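Visitor: Sharing a model prediction with you, sequence too.
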Amino acid sequence: MEFYADNILLIVFLPVWVCLIIISGIIFKITESKKLTLLLTLLSTFTGLIFSLNILNYVKTNNLVLEKNFLWLSTGEINLYFGVLTDSTSAIFIVLLMLISFIVQLYSYGYMKDKDDFRKYYVYLNFFNFAMSGLIISTNIFQTYIFWELVGVASYLLIAFYYRREDVSKAAKRVFIINRIGDFAFLSGIIIFIWFSLTYLNRTNLDILMYTSADNTVNSILKSAYINVYNVFCFLILIGCFVKSAQFPFNLWLTDAMKAPSPVSALIHSATMVCAGIYVTIRILPLLSQELLNLILITGIVTAVLCSFIAASQTNIKKMLAYSTSSQLGLIFAAVGVQAISAAVIYLVIHSFTKALLFLCAGNIEKKYNSIQDMDVMGGLRKQSFYDALYWLVGALSLSGLFFGGFTSKEILINTVSSNPAVLFFVLLTSYISTYYIFKAYFRIFEGDKTILGIDIQKSEKTMSASIIILCVFVIIPGFIFKLSRLNLLCLLAVTICLLAVVHAYISSKTSKMYIPCILQNLSYKELYLPKVYDFIESIFSKAFIFIALIEQVIFENIVKCINFIIRSVSKIISKLQNGNIQTYISYSIFSTGLILFALIFTYYVTEGV
Amino acid sequence: MLEITLFHYLILALFLFTVGLTGIVISKNIIKTLICVEIVMSAININFIAFTSYKNYMFLSGMIFALFVTAISALQTAVGLLLIYFIYKNKDKVVSEEIEELKE
Amino acid sequence: MEFLNDIKNAFLPELIIFITIILNILLAVIDGKNTLIKAKIINVLAVISALISLIFLQIEPNYYSYNNSFVSNLYTILFKALILVSFLLVILTSVKIIREKRKKSFEYFAVMQSGVLGALTLISSNDFLSAFVSIEILGLSCYFLSGFRKNHKSKEASLKYLLTGAVASSLFLFGVSYIYGISGSINFSVINDIYLNSSINLLFIVSSFFILIGLLFKIGSIPFNNWIIDVYEGSNYTICAYISLIPKMAAAAFISRLFVFIFNFSPVIQLILAFFAVISIIYASIGAIHQTNIKRLYAYSSIIHSGFILLALSVVNVYSISSVIFYIITYIFMNIGIWCASAIYNNEYNTDEISDYKGLFYKNPYFSIALIIFLFSLAGIPPTSGFLAKLYIFTAIIRGDLIFILLLIFALIALVISLAVYIKVIKELFEKSQTGIYIKGKYLMQKIILYSLALITIIICIVPDIFIKISQIAAYYI
C-alpha cells in the first residue's frame, strides 16, 4: 500500500513522459498511428487512476497526511520548496482528475478521429494532466502558483486548438487575458505575504506558506495581531481562485472557452480546471477570517443565482452548460464559505461527473447535427437516437438533484447550509432554476416533432458511446449509497420544488415562453449585459493602447535610432583602435596606467593635504 | 662629495625603467624591443639589490629575487628570439611594421 | 624530509603534473606509431589522477610550506580542482583536431601541462617570489602555445602576447620591488602583519597599484586588453579555450588573495579595480558590435567576463568572493562549450567569419541548439547558468558601498549592449544560406563534450545549490 503513496510522483510525471514520446513521434515521423497515441495516453492515465485509488484507500483508512519536501532554492531569507502533499483531499481530487481524464481521452478518440492535429491534441491533453496533478499535490503556495500558470497555459493551448478560425483565436486570447488578471492577483498576494513576513515577523528562512502548517498556533496568534494584512493577502488569492472558477464578476471567460472542442470543455471547464480555485480555497481555509468567509459565501450565492438565471434563457447548448457550471461552482463556494468542506467536496465530485456527462452528450448532439449548437433549431432527437436522450436524461436528473448521484450530494449540501434561512432560500431558488433550464433543454432537443431535413444521423463512434456509458455508471451509482434515515423535511421540500420546475420546463418548451416578466427574460438572455460591459472596457483600453503605440512610434523609435547610431559609430572607433601595431598597444596601456597613476597621486595629495 | 644614498639608486632605477619603457614603445626593430625589455628588468634588479644593501632586513629576499628576475627575463628573451626567427623566416625583415597582419 | 612532507600534504597535483611533463618529453623521444593516442591517454590519466590526489591534501589548518612561501587551504584546493577540470575538458576536446592538423605534436601537451603547473603554483603562492615565478611559467607556456600554428599570423600573435606580457611583468615587479623596499619582506603574511597596525603611505598605495596593473594583464582587462583580441585571432581554437580560461582563473584566485592580505588597507585600490572593470565591460561591449570574425567576438566577450569578475572582486567580502567562484565555475562550462563548437566547425571549413555560420540550424540542429545555449549563457539569459551567475554577482555587489552600485549600473547598461553581439551570431545561425556548408564529419568525443556541457549549463541553473554552497565554503577559507 505504501508503495503507491511513495511513488505518487509517477502519476505526475508519466503524462510528461508520454508527451515527450508523442512529440518525438511527431518530430521524427516515426509512425502516423492514432491508436498508438490513444493507447499510450490511456495507459498513463489508467496507471494514474490505479495509483490514486490505492493512495486514496491508504490515506483514508489510516487518516494520514503525507508530505515530502525538497528544497529547490534558498536565498538567505526565503526558502522555496517543491514537494508532494498526500492527504485525503488531494487524493480525492487526483482520483477525480484521472477518472475524468481517462473518460475524456477515450471520448476524444472518437470525436477527433478525422482531424489532422490528432497527436498534437493528445500532447496537450497529457500536458494538462501533468499540470493539474502537479497543482493538486503541491505543498506550498509557490509551487501551486507555478502549476496554476501551467494549467492556464494548457487551457489556452486546448481552447485555441482550432486557431485557424479567427473567432476561436480571439476568444482564446480573451480567456487567457482574463485568467491573467486572476494570476496577477494571486502573485500579488504571494508577494505581499512575503513582504509582510519579512518585515513584520522578522523571520529568516521563511518557508512560503506550507499548507500543512497554515493553521499552526503561530499563524493564529499573528492572524489576530495583523489581521488586516492577512485579509489583504487572502483576499488577493481568493480573487485568483474566483477568476479560475468563473465566479460572478469574472465569469465571462467561461463562455469564451466554449469555443474549444467539446471533450476539452468536458475535461477542463467543467470538471477539473475550474476545481483548482476551490482546491486552493480549501487549502488556505485556516488563514481566512470570518469576513472573508462571508465574502466567499456571498460571492458563491450571488454567482449561483445570477448565472443560473442567465443560463435559463440561453439557446446555445454549450453556453447554457457553461453558465450552469458557474452557478454550481457558486453553490460549492457557498458550502466552503460555511466551512462545510466534506459537503463541498462531495458535491464537487458528483457535479464534475454530471457536468462532464452533459458536455459529452452535447458533443454527441453537436456531431449529430453537424456542429450546430443552437437549441432553437433542434427537436425530436429522441426518435432517432434513443440512447442520447437517455444519457442526457440521466445527466439532467443528476444535475437537478432529483435522482441518482445529484440527489445524494444536493441533499448533503442543503442540510449543511440550512442553518441560515436566507442562504437556504437562494440555494433552493438556484436548484429550481437549474432544474428548469436543464429540463427545458431536454424537452427542446429530444421531444417534439421537429426534424431537420437532410441531416444524416449516423451512429456515434464506439469510443464516444463507451465513455459516456462509463460516466453514466459513475453518475448513477452514488445515488444508491443514500441512507434512507437522512430523509427529512428539507429533502422533500427540495424534491418538490424541482418537480415543479420540471413541469414549468415542459410547459415552457411546448410554448416557447418562459412565464417570467419580460425585463427579466431580456436581462437573462443578454447575459446581464456583462459582455457588453467587458467589450466597452476593452475598447477603451485598446484606444489607449493605440495612442501609446503612436507615441512609441514617433518618439521612442527615433531615440532608439539615435542610440543605435551613436553606439555603432563608437564601436567603429574602438575597433579602429586595434591597428595591429604592438607598440601602439603598449603605449595605450602605459598611457592609461600613467593617467590613473597621476589621478591617484593627485587625489591623495588633495585629500591628505601633504 | 655627495654621499651615495639609497635614494640615488632608486632614481637611477626609475630612470632606467622609464628609458626601457620608452624604448619598448618607440623602437622599430623588434630586437631593440627585446633589449629594452632587458633594460627594464635590470632596472628592477637595481631596485631590489639597492633595497637589500641599504636596509638591514632580516632576510636577503631582495637579492634572491634579483637572481630569479635575471633568469626568467633570460627565458623570456629566449622565447622572444625564437619567435623573431620565425618572423624573419616569413618576412625577411624584423620591424614592427611587418607584424601588423592581425588588425581590423 | 620536510620537502617530501610538504609535497605529501600540499603539492600532490603539482608533482603529478610535473611527472607528466617529463613523460610527455620522453614520448617525444620514443616516437612510435601511435604516439598521439598514447600521449592523450597519459595526459588524461594524469589529470584525472591529479584531481583525485586533491582529496588527499590536508585541508583543515592553512598549510604553509617551503618557508611560508606557499599555502594550501580549501580555497586553493577548490581552484586547483577547477583548473584541472577545465584542463581535462580542453584535452578531451582537442585531440582529434590536433591530430588532423599536425601529426607529431607532443609538445602541445607538454607545454600545456607546464602552464597548468604554473597556474597551480600561482594559486597557492603566499609570497611575491613564488607568484612571480608562477606567473612567468604560466605566461611562457601561453606565449609558446599561441604560436602553435604554422602560419605567420600565429607567430605574430605570440610575439604580441610576449611583448605585452613582458611590459606587464615589469610593471608588476616594479611594484613588488617597492613593497619589498618599504616593508622588508616579500611574504604576504609578514606584510599583512606589518601594516595591520601602522599607517600606510603613498608609496605603498602606488606600488600596490603597479602590482595590480601587472596582474590585470593576465586576467585580460583594460589597460592591457589589446593583446587578447589579436592573440585569440591568431591561435588555435582549443588553445584559445586554454588561454581564455587557465590564466584568468589563476589570476582571479591570486588577485582575491592579494586583496584579502595586502590591498585591504586602502579602499582606493578597490575603487581603481572597480573602475577598470567597468571600463573594460563598456569598452568590450561596444567594441564587439562591429566584429565579423567569430574569434575576435569571443575575445571581446572574454574581456566582458573578466570585467565582471573583477567588478565582483573589488568589493571585498566573503559573499562577493563566493560569487566570483560560482561565476568561474559556470564560465568554465560555457567557455569551453563555445570554443569546442567553433573548433568543430573550423575543422570542417577552416573559416573564422561569422557569416560562414549561416544556415547551420537547418543542417545541424542539435549542434546549433548547443551553441545557442552557450551564447545565451554568455549573455546572461535565463534559464542558463550564466544568468544565475550574473545575478549572484549583482547581489554581492549591491552589498558593497554606494560607489560600487553606481558602477554596477553602467555595467548593466553595457551588458544589454553586449546582448546585441550574441544575438548577431544567433541570427546568422538561422538565416538560409546559399552555400550549404555544414558539419559532415563524425566528431564523437567533441560532440559528447559539447552536449554534456550544454546540459550542465542548464542543469546548474535548475539546481545551483551545491555549487553555491561549495563557493561559499571556499570563499570563507580564504
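Guide: That came through, no problem.
Visitor: only C-alpha atoms for contact and neighbour calcs from this point on.
Guide: Will do.
Visitor: how about the residues of chain A near chain C?
Guide: A:72-74, A:567-568, A:570-572, A:574-575, A:578, A:580, A:582, A:585-586, A:588-590, A:592-593, A:597, A:600-601, A:604 (CA under 8 Å from any CA of the partner chain).
Visitor: So among those residues, which ones count as buried?
Guide: For those, a burial check counting by 16 or more other CA atoms under 10 Å in any protein chain shown picks out A:567-568, A:570-572, A:574-575, A:578, A:580, A:582, A:585-586, A:588-590, A:593, A:597, A:600, A:604.
Visitor: What about chain B: which of the residues of chain A next to chain C touch it?
Guide: For chain B, the contacts drawn from the residues of chain A next to chain C by CA under 8 Å from any CA are A:S575, A:Q578, A:G580, A:I582, A:I586.
Visitor: Let me see the contact set for the last one.
Guide: Applying CA atoms under 8 Å, 6 or more residues apart in numbering or on different chains, one finds that A:I586 lies in contact with B:V25, C:T164, C:V167, C:F224.
Visitor: these two touch, right, A:V336 and A:I298?
Guide: No: checked against CA atoms under 8 Å, the pair A:V336 and A:I298 is beyond contact range at 11.0 Å.
Visitor: What residues of stretch A:14-25 count as buried?
Guide: Neighbour-count burial for stretch A:14-25 flags A:L14, A:P15, A:V16, A:W17, A:V18, A:C19, A:I22, A:I23, A:G25 (criterion: 16+ other CA under 10 Å).
Visitor: One more: stretch B:54-70?
Guide: B:L60, B:S61, B:G62, B:M63, B:F65, B:A66, B:F68, B:V69.
Visitor: Next secondary structure element downstream of whichever strand or helix holds A:L331?
Guide: Secondary structure assignment for A:L331, by DSSP states H and E: helix A:317-337. Under the assignment DSSP H and E, the closest C-terminal helix or strand after helix A:317-337 is helix A:341-368.
Visitor: picking up where we left off before, can you tell me which of the contacts of A:I586 has the most neighbours?
Guide: Most neighbours among those, by other CA atoms under 10 Å in any protein chain shown: C:F224, with 27 neighbours.
Visitor: ok, now which ones touch it?
Guide: Shown in contact with C:F224 (CA under 8 Å, 6+ apart): A:Y585, A:I586, A:S589, C:T164, C:L216, C:F217.
Visitor: would you say it is within a strand?
Guide: No: using DSSP: H, G, I helix; E, B strand; the rest coil, the assignment for C:F224 is coil, not a strand.
Visitor: ok, now how distant is it from chain B?
Guide: Using CA to the nearest CA, to the nearest Å, one obtains 14 Å as the distance from C:F224 to chain B.
Visitor: In the stretch 401-550 of chain A, mark out all the helices, start to finish.
Guide: A:404-417, A:421-446, A:462-476, A:489-511, A:518-525, A:530-551 (DSSP state H, counting those that start in this stretch).
Visitor: Format those helices as TSV; extra columns: mean neighbour count.
Guide: Listed next are these as TSV, based on neighbours: other CA atoms under 10 Å in any protein chain shown:
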stretch	mean neighbour count
helix A:404-417	24
helix A:421-446	23
helix A:462-476	19
helix A:489-511	18
helix A:518-525	15
helix A:530-551	12
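Visitor: Which one, of those helices, ends up nearest to chain B?
Guide: Nearest to chain B among the helices of the stretch 401-550 of chain A is helix A:530-551; the distance by CA to the nearest CA comes to 40.0 Å.
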